[in-house]
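Asker: sequence unknown, structure follows:
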């Protein structure tokens, strides 16, 4: 089957919800309006249970099928949060909040899962239970981790969990997936170098933190170029470099650098953490200063489970006639926490030739909605078929 | 079928050849004794044709099958050269030539192919022609390139070509292969940094090429860590650095460095070549020096053809059962790449058991791998050109 007919009918409604959410972007865990809107819609659809406040501002909805002979529970997850970016799309439903924008398409993800929830509540043409999961704070806050820590998987006895992300550069509505490691582990670095500040005309009386930190940035390159297995995938990026003073004539007492480490294996992650500390502390002591290294292990590698990936690809093929093998992505994804707790799979759906996600001109493509919604509905109906 | 019975019988004889070759290692193209030994054995086997001097000191032999109804020609290749290493194994058949050693197992490869040739010449249980290629100078001299340039593929009409390499760390007799890039390209570069020599006590009157060279080495790290796609693989290693003087009170006029570039993709390889040149010349200029970059393209990426990888794996499966078909790429390089660029085919790794890595003075080829290796060559011939 291709797109479900019902989603062609609902396409305009779902698009309207998407644009409403787009106009009111909320950052991280502050998704109060979006969460309320989601909960209200789920109640209006007649979900059997709607619970707010899971993982701070997450929302969970339960939809029971016509039958429950299987006793199986499938989780479907979307993310709701926006990014601290000032929108430059110029669309009429552009963000009303300065420096906040749905630049990653979570507005689309949320609207599509709402569309699927409406259809599933109307038809209930499955044998088991569906749990729809709307999470906050995918963009670095670990909203998925918070929902898991609130006991979501056990509380609703979820057996399998699925997720979806739009993907610019792929034809609209076309799917791609891969088994095994898919998105990278994303760790956060914060390093404070402290030397001895002083007059810029008397460097001999100071311990120059700018020079110290510059050497550290150069040496950190050697983790990728010299330490890591060249077959392994690893990125070490220093993204911020700030001196504690801003002047022409002061050697700063401190420099803070920030960055990220992306890895696809536990070995590479351990290696990077160890080397970052050794390099920064070693460089600092070389110059007579100190380095305070904070290595924050944030999202783990997102690993798709084999059986669920195969199933998700089969469903995608039944919806859009194709499903390609996706390349590895060095970006991170909070859904990793859910996949650590339960088997499941994460799929990409094409967003067409748009700007990349996280770009101020990016916009979710509403034409992907029927394919995305159909995939959700088919995941449920094919995984929990009604005995005939 | 497992190991060919006949090869279990000839195991001792093949081992004796291997140990003879091991005791008489020869370097690069100077493999005269080895080539003569190969020719002598091939004559004893009664092969149909022997040509010497292909690719300087390479040997090509032809074995015709019982029938030739389809005009099929399969090429099998082994390498004959040793390494400039002082052997430290202590075995009683150790190298008789100081400073030379079969530390990469080419003695084993040559003996395995001789064993297969003996079997094939005895049985001729195939429909077509086998061409055996014994090449010199695999270890950097490009003996494979010379043989291809001398018409190995075209003149002898080889339609597909296969080779094997022993691999320490894999259980003895275990086969491992992958389609696509298996081994890396290997290029070398020479950077000459010219400054202005002077007294080490008066650096301000000189232009120090050592400081510029040191900065170039740091700059080159950013190719792998910043420029190359983290999903691709690249290695840039500086292996030697020397200034034109050897004393403690002179700033040299010239400093030279030597390095290697490894990549698994021809485009990455070209890109790295460009960046090495840009970085070296720009950094030198920043230090008021001149850098001259001599980039020498060496062995290409060894790319296994997908279809023929399947044939190679099928033959290995018939011989040894379980075959690893997704071994990760290896950043070492292989001269067989020239043959695979000229003709479809595949290269397979054959386990050598636990023991020192190749190129180590205590490395030993494991004679217990002989029956599996020789059976693989034979099985390939009999499967690819089945007897009528």
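Answerer: Received, thanks. Worth saying up front: this structure is predicted, and the values here are computed from it rather than measured.
Asker: and the helices in chain A, which stretches?
Answerer: A:5-23, A:32-45, A:106-123, A:143-149, A:152-155, A:209-222, A:266-286, A:306-320, A:335-341, A:369-383 (DSSP state H).
Asker: same thing with the stretch 101-250 of chain B?
Answerer: Using DSSP state H, counting those that start in this stretch, the helices of the stretch 101-250 of chain B run over B:106-123, B:143-149, B:152-155, B:209-222.
Asker: likewise the stretch 251-388 of chain B?
Answerer: Going by DSSP H, counting those that start in this stretch, the stretch 251-388 of chain B shows helices at B:266-286, B:306-320, B:336-342, B:370-384.
Asker: where does pLDDT dip in the chain?
Answerer: In the absence of a named chain, chain A is used. For chain A, residues meeting the criterion pLDDT under 70 lie at A:1-2.
Asker: actually chain B
Answerer: Ranges of chain B meeting pLDDT under 70: B:1-2.
Asker: so which residue is smack in the middle of it?
Answerer: residue B:334 (3.0 Å; CA atoms, centre = their mean).
Asker: contact residues of chain A facing chain B?
Answerer: A:218, A:221-226, A:230-231, A:233-236, A:262, A:327-328, A:330 (CB under 8 Å from any CB of the partner chain). For every residue, glycine as well, the C-beta is placed using N, CA and C.
Asker: mark which of the residues you listed are buried, thanks.
Answerer: When those are checked for burial by 16 or more other CB atoms under 10 Å in any protein chain shown, the buried set is A:218, A:221-226, A:230, A:233-236, A:262, A:330.
Asker: closest one of those residues to residue A:283?
Answerer: residue A:218 (9.1 Å; CB to CB).
Asker: what is the nearest of the buried ones among the residues of chain A next to chain B to residue A:124?
Answerer: Out of these, the member with the shortest distance to residue A:124 (by CB to CB) is residue A:330, at 40.4 Å.
Asker: look up phi and psi at the closest one.
Answerer: Per-residue torsions, residue A:330: phi -80, psi -10 (degrees, to the nearest 10).
Asker: the residue lying closest to residue B:15 once chain neighbours are set aside: neighbour count?
Answerer: Distance criterion CB to CB, 6 or more residues apart in numbering or on different chains; nearest residue to residue B:15, sequence neighbours excluded, is residue B:367 at 4.5 Å. Residue B:367 has 18 neighbours, counted by other CB atoms under 10 Å in any protein chain shown.
Asker: equivalent analysis for the one 4 residues further on, please.
Answerer: Here the count is done by other CB under 10 Å, and residue B:371 has 25 residues near it.
Asker: show me the contacts for the closest residue to it other than its chain neighbours.
Answerer: Spatially, and ignoring its direct neighbours in sequence, residue B:371 is nearest to residue B:3 (4.4 Å; CB to CB, 6+ apart). The contact partners of residue B:3, by CB atoms under 8 Å, 6 or more residues apart in numbering or on different chains, come to B:319, B:371, B:372, B:375.
Asker: ditto for residue B:93
Answerer: B:19, B:20, B:22, B:23.
Asker: what segments of the stretch 51-200 of chain B are strands?
Answerer: Using DSSP state E, counting those that start in this stretch, the strands of the stretch 51-200 of chain B run over residues B:58-64, B:73-79, B:129-135, B:160-167, B:175-176, B:180-183, B:185-194, B:198-199.
Asker: tabulate the ones you listed in JSON lines, adding columns for distance to chain A and mean neighbour count.
Answerer: As requested, these are exported to JSON lines (distance: least, CB to the nearest CB, whole Å; neighbours: other CB atoms under 10 Å in any protein chain shown):
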{"stretch": "strand B:58-64", "distance to chain A": "32", "mean neighbour count": "24"}
{"stretch": "strand B:73-79", "distance to chain A": "24", "mean neighbour count": "25"}
{"stretch": "strand B:129-135", "distance to chain A": "27", "mean neighbour count": "28"}
{"stretch": "strand B:160-167", "distance to chain A": "15", "mean neighbour count": "25"}
{"stretch": "strand B:175-176", "distance to chain A": "14", "mean neighbour count": "23"}
{"stretch": "strand B:180-183", "distance to chain A": "11", "mean neighbour count": "22"}
{"stretch": "strand B:185-194", "distance to chain A": "12", "mean neighbour count": "22"}
{"stretch": "strand B:198-199", "distance to chain A": "24", "mean neighbour count": "14"}
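Asker: is it possible to get a markdown table of the ones you listed that adds distance to residue B:291?
Answerer: Conversion of the strands of the stretch 51-200 of chain B to a markdown table gives the following (distance: least, CB to CB, whole Å):
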| stretch | distance to residue B:291 |
| --- | --- |
| strand B:58-64 | 38 |
| strand B:73-79 | 36 |
| strand B:129-135 | 36 |
| strand B:160-167 | 37 |
| strand B:175-176 | 41 |
| strand B:180-183 | 30 |
| strand B:185-194 | 5 |
| strand B:198-199 | 19 |
